[in-house]
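[1] Sequence and predicted model, in that order:
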Amino acid sequence: MKTRKIGNTGLEVTEVCFGTSALGDMPDTYGYGVDEARARDTLQAIFEGPVNFLDTSRNYGFGRSESRIGAAIRERGGLPEGFVIATKLDRDMETNRFDAARARQSFEESLEALSLDRVQILHLHDPEYAADLNEVTRSGGALDELFKIKEEGLADAVGLAMGRIDIMFPILRERPFDVLISHNRYTLLNRQAQEMYDYAQETGIAVFNAAPYAGGVLAKGSAAMPRVVYQEADEAALAPARAVEEVCASHGIAPGAAALNFSLRDPRVTSTIVGVSKPERVTQTLEWAASPIPEDAWAALNALPYSTDDPEASRDYKPG
């Protein structure tokens, strides 16, 4: 699997990163649960494969994602050599407080759960849900704490991971981030992140493009999973996904392979974050990443209409 450098941080990550939110057991988000045994088997499949990059968060599954990853790391006797862990500073989920003290507390909780003394990549996560955005952005706030953690040598690279681009893009312009995560906003169905990704490429910010399957519908199929961006979808909302499915069927390719390679083939994207919740999905992701997509199929897919609106504008956010 191809690897790519992250600026001058010394880090190299594979073009695919496995996301672990579902492994924290988040049925309100994904519509299904994941027990501890299934999560453990999935993590071991990841650690034994060619991908060297895993993404998690303090708040995925209210801490279960990191705890399960930490257990898997201990079971192996440590991380595989060269493996990169990314996690995130998160707000207090009961009060939505997100000041510097909460950011530091979140980081310390992550290290304990993961059984690590540092992480390679650390993001500030979802500030749009903070009770007061000023707690994050002000002098001495959570963002300053993020960069302080890097200065202390506890993270090699720092980034911003969030949804709302109208808040995210201005923050990106103000600080020297190494990396960013945007989810659901650069897929076969949506291109809202287009301008921001151009900016990132111009300024040397590594782009981690998350959720290429639009919350899963492009991987599992609109019939099996009639949900778009984590929400139950009506026929109108499913129509763009079904148009992708029709094109893929006419060319004999899996929609999931097309959706994943749409992100992988973009030169602005350093790594594509793909959520998995069972070992079979790890194998399938690797197969899809290696699947050749004919140029005439790309022409047909790129001719389909897509949205540039916020895909989560009407999302009923549930953290579990």
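    Great, that's in hand.
[2] can you pull out the helices in the chain?
    27-30, 36-47, 64-76, 100-114, 133-137, 142-151, 165-174, 194-203, 217-220, 235-251, 255-264, 279-289, 295-302 (DSSP state H).
[3] quick one: contacts for T9?
    Listed by C-beta atoms under 8 Å, 6 or more residues apart in numbering, the contact set of T9 reads D156, A157, D178. For every residue, glycine as well, the C-beta is placed using N, CA and C.
[4] circling back to that earlier point, nearest to D55, out of the helices of the chain?
    Each of the helices of the chain has some distance to D55 by C-beta to C-beta; the shortest is helix 64-76, at 9.6 Å.
[5] For this protein, name the helix or strand with the lowest mean pLDDT.
    helix 27-30 (a mean of 87; mean pLDDT, DSSP states H and E).
[6] what does the model give the closest residue to L218 other than its chain neighbours for pLDDT?
    Spatial nearest neighbour of L218, chain neighbours left out: A259 (4.1 Å); criterion: C-beta to C-beta, 6 or more residues apart in numbering. A259 carries a pLDDT value of 98.
[7] got the buried residues for the least confident helix or strand of the chain?
    Buried positions in helix 27-30, judged by neighbour count with 16 or more other C-beta atoms under 10 Å: T29, Y30.
[8] same question, stretch 288-302
    W288, A289, I293, A297, W298, A300, L301.
[9] Quick check: the last one touching A243?
    No - with the criterion set as C-beta atoms under 8 Å, L301 and A243 do not qualify as a contacting pair; they are 9.2 Å apart.
[10] okay, stretch 52-59 in PDB with CA atoms only?
    Output for stretch 52-59, consisting of C-alpha atoms alone and laid out as PDB, is shown next (Å, rounded to 0.1, in the frame of the first residue of the first chain):
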ATOM      1  CA  ASN A  52      -0.300   1.600   9.200                       C
ATOM      2  CA  PHE A  53      -2.800   4.200  10.200                       C
ATOM      3  CA  LEU A  54      -5.700   4.200  12.700                       C
ATOM      4  CA  ASP A  55      -8.000   7.100  13.700                       C
ATOM      5  CA  THR A  56     -10.000   7.400  16.900                       C
ATOM      6  CA  SER A  57     -11.400   9.900  19.300                       C
ATOM      7  CA  ARG A  58     -11.900  10.400  23.000                       C
ATOM      8  CA  ASN A  59     -15.600  10.600  22.600                       C
END
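[11] Having no further points to raise, I will conclude here.
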